[in-house]
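Asker: Sequence plus the predicted model coming up.
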Amino acid sequence: MVSEKLLHSIQDEIRELLPALESFMEEHVSPGAEECERLKTRLRALSDQLAIYHHYRTQQEITPSFELHARVSEVAAAEAELKAIQNEIKQQVVTPPAEAVVPPPSTPPPPPPPVPVTTPQPVAAPQPDVPVATEPLASPPPSPAPASKSGTPLAIGLNDKFRFINELFGQNGKEFGLAIEQINSITNKAECEVYLTNLKSLYHWDEQKETVKYFLQLVRNRYA
């Protein structure tokens, strides 16, 4: 399980930190700036791992639910949208109002031309109306149905599915299924990238591994 892996990772980190902490307790040793910076970085990493482990322990179920995945994605997307709006407001430049344009004085209209005098012409006898055949109007062709904007669902083979479950989702098929369901429900590429970033952080994926590269490329191909 993910919580057990986190606990082992925390324990290993603490064991590796003990010698460095003991060196700071020696009376005749004065650690340099480089040692201080290295210790501070490792303590920060340990603090992040403890926060994640605490989150898992305080939940009723260790397995992240579909609602949790959706909430993480929505919050991250809302923060990105808020930052974009703030940047847009900062870049706006207030321009002074344009000066009113005074129209030129109007000139009087020219006098109307004289009306010509015409002589009356004899009126021809009215002719009977001849019906004119009319063709029925053709009905307009039906408009095509609008194309769907939703992304194509992921098509994952059986071998790839077991590979992703074992190497990316801690051998937990339920977590894999929930993640794929959430990915298929996202139709915006930017929101999908935010969700993938949260998955990488949650499961500590190494982007240099071929399995991680293959999974990310498979998801991004939905928006190609």
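Answerer: Nice, thanks for sending it over. Everything numeric here is computed off the predicted structure, so don't read it as measured data.

Asker: From now on I want contacts and neighbour counts done on CA atoms only, so please keep to that.
Answerer: Fine.

Asker: CA-only coordinates of stretch 153-167 in PDB, if you can.
Answerer: What follows is stretch 153-167, C-alpha atoms only, in PDB (Å, rounded to 0.1, in the frame of the first residue of the first chain):
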ATOM      1  CA  PRO A 153     -11.600   7.700 -23.900                       C
ATOM      2  CA  LEU A 154      -8.200   6.000 -23.200                       C
ATOM      3  CA  ALA A 155      -7.800   2.700 -25.000                       C
ATOM      4  CA  ILE A 156      -5.400   0.700 -22.700                       C
ATOM      5  CA  GLY A 157      -4.500  -2.900 -23.500                       C
ATOM      6  CA  LEU A 158      -4.500  -5.600 -20.900                       C
ATOM      7  CA  ASN A 159      -0.700  -5.900 -20.600                       C
ATOM      8  CA  ASP A 160      -0.300  -2.100 -20.300                       C
ATOM      9  CA  LYS A 161      -3.100  -2.000 -17.700                       C
ATOM     10  CA  PHE A 162      -1.300  -4.500 -15.400                       C
ATOM     11  CA  ARG A 163       2.000  -2.700 -16.100                       C
ATOM     12  CA  PHE A 164       0.500   0.700 -15.000                       C
ATOM     13  CA  ILE A 165      -1.200  -0.800 -11.900                       C
ATOM     14  CA  ASN A 166       2.000  -2.500 -10.700                       C
ATOM     15  CA  GLU A 167       4.500   0.300 -11.500                       C
END
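
Asker: Contacts for that stretch next, please.
Answerer: 171-173, 176, 180, 184, 211, 215, 218-219, 222 (CA atoms under 8 Å, 6 or more residues apart in numbering).

Asker: Tell me which of these fall in strands.
Answerer: If you go by DSSP state E, the contacts of stretch 153-167 have nothing in strands.

Asker: could you dump the residues you listed to TSV with pLDDT, neighbour count and distance to Leu50?
Answerer: Converted to TSV, these look like this (pLDDT from 0 to 100; neighbours: other CA atoms under 10 Å; distance: CA to CA, whole Å):
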residue	pLDDT	neighbour count	distance to Leu50
Gln171	93	16	22
Asn172	95	17	22
Gly173	93	15	25
Phe176	94	18	24
Ile180	93	16	27
Asn184	91	16	31
Thr211	95	17	27
Phe215	95	16	28
Leu218	92	13	32
Val219	92	21	30
Arg222	85	17	35
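
Asker: I'd like to know which of those residues is nearest to Arg38.
Answerer: Thr211 (30.8 Å; CA to CA).

Asker: residues contacting the closest one?
Answerer: Thr211 neighbours (CA under 8 Å, 6+ apart): 163-164, 167-168.

Asker: Swap in 10 Å and give it another go.
Answerer: 160, 163-164, 167-168, 205, 217 (CA atoms under 10 Å, 6 or more residues apart in numbering).
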